[in-house]
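**Q** my questions concern the predicted model and sequence given below.
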Amino acid sequence: MDVKEAIKKRRAYRSFLPVEITKDMINDLAECAQLTASCFNNQPWRYVFVYDPDVLKKMHEALSPGNEWAQKASMIIAVLGRKEDDCVIRDRIYYQFDIGMATSAMILRATEMGLVAHPIAGYSPKKTREILGVPDNIDVITLVIVGKHSDKIDPILSEKNVEAEKERPERKAIDEFVYINRYIEKR
């Protein structure tokens, strides 16, 4: 699978089957983050790969209502970082951008491996910190829910999520976000 194919195939599915998580799999995903570009090669990303069933069960307490589907995941990756670990050039703060690029590389690799890696915003950073022992000076940027896609739609999903399982949600037209040579406000 080439990169563009992985990008096209990547989906934020919410219906999962169990999949065995191995150290080799984690190392493979981590290597993709490791190789990603970052400002001055600072590599500000930190990840906690959670796949122990007892710790996963505790992580379910950090999920927001509406994300109960994530309880069927085989792994949750906590994405962490600190502003101080990357470039701050005048008013430009790079750590979240760099961590996002590294996380995207892992998500695409997971897709290539036949997995779903679905980043979510619906979680409690405070509970995540408590469960995983993350200090307060480190930001919990997102959680990535990892599992094997199931063709059988999870009955716990909302009507909107069921539709998103069946068909990729509509994407913005390219001309809505691409500008050539100059930014001109679009309405």
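**A** Everything's here; your move.

**Q** got the contact list for stretch 124-143?
**A** 46, 48, 50, 55, 58-59, 61-64, 70, 76-83, 96, 99-100, 103, 119-121, 123 (C-beta atoms under 8 Å, 6 or more residues apart in numbering). Heads up, the C-betas are built off the backbone N, CA and C, glycines and all.

**Q** let me fix that: stretch 156-167
**A** Against stretch 156-167 from outside (C-beta under 8 Å, 6+ apart): Ala12, Tyr13, Arg14, Ser15, Gly66, Glu68, Trp69, Ile153.

**Q** regarding the protein, what is its longest strand?
**A** For the chain, the longest strand by residue count, based on DSSP state E, is strand 139-149.

**Q** now whichever helix or strand comes after that one, how far from the centre of its chain.
**A** Using DSSP states H and E, the helix or strand that follows strand 139-149 in sequence is helix 159-166. Put simply, helix 159-166 sits 19 Å off its chain's centre (C-alpha atoms, centre = their mean, to the nearest Å).

**Q** buried residues in helix 159-166?
**A** Asn161, Ala164, Glu165 (16 or more other C-beta atoms under 10 Å).

**Q** pull the CA atoms of stretch 3-16 into CSV?
**A** Only the C-alpha atoms of stretch 3-16 are listed here, as CSV (Å, rounded to 0.1, in the frame of the first residue of the first chain):
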residue,chain,number,x,y,z
VAL,A,3,0.9,6.6,1.2
LYS,A,4,-2.0,7.9,-0.8
GLU,A,5,-3.8,4.6,-0.7
ALA,A,6,-3.4,4.6,3.1
ILE,A,7,-4.7,8.2,3.3
LYS,A,8,-7.7,7.2,1.3
LYS,A,9,-8.3,4.0,3.2
ARG,A,10,-8.0,5.6,6.7
ARG,A,11,-11.3,6.0,8.4
ALA,A,12,-12.5,6.9,11.8
TYR,A,13,-14.6,3.7,12.3
ARG,A,14,-16.3,3.0,15.6
SER,A,15,-17.2,-0.7,15.2
PHE,A,16,-14.4,-2.9,16.4
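
**Q** what separates that stretch from the chain centre, distance-wise?
**A** Taking C-alpha atoms, centre = their mean, one finds the center of stretch 3-16 at 12 Å from the center of the full chain.

**Q** pull the residues that contact it.
**A** Residues external to stretch 3-16 that are found in contact with it (C-beta under 8 Å, 6+ apart): 1, 69-70, 72-74, 107-109, 111-112, 116-119, 147-154, 157, 161, 164-165, 168.

**Q** which of the contacts of stretch 156-167 has the largest number of neighbours?
**A** Arg14 (27 neighbours; other C-beta atoms under 10 Å).

**Q** once you drop chain neighbours, what's closest to that residue?
**A** Closest residue to Arg14 apart from its sequence neighbours, by C-beta to C-beta, 6 or more residues apart in numbering: Trp69 at 4.3 Å.

**Q** and the one you found, how far from Ile184?
**A** Remark: distance between Trp69 and Ile184 (C-beta to C-beta, to the nearest Å) = 41 Å.
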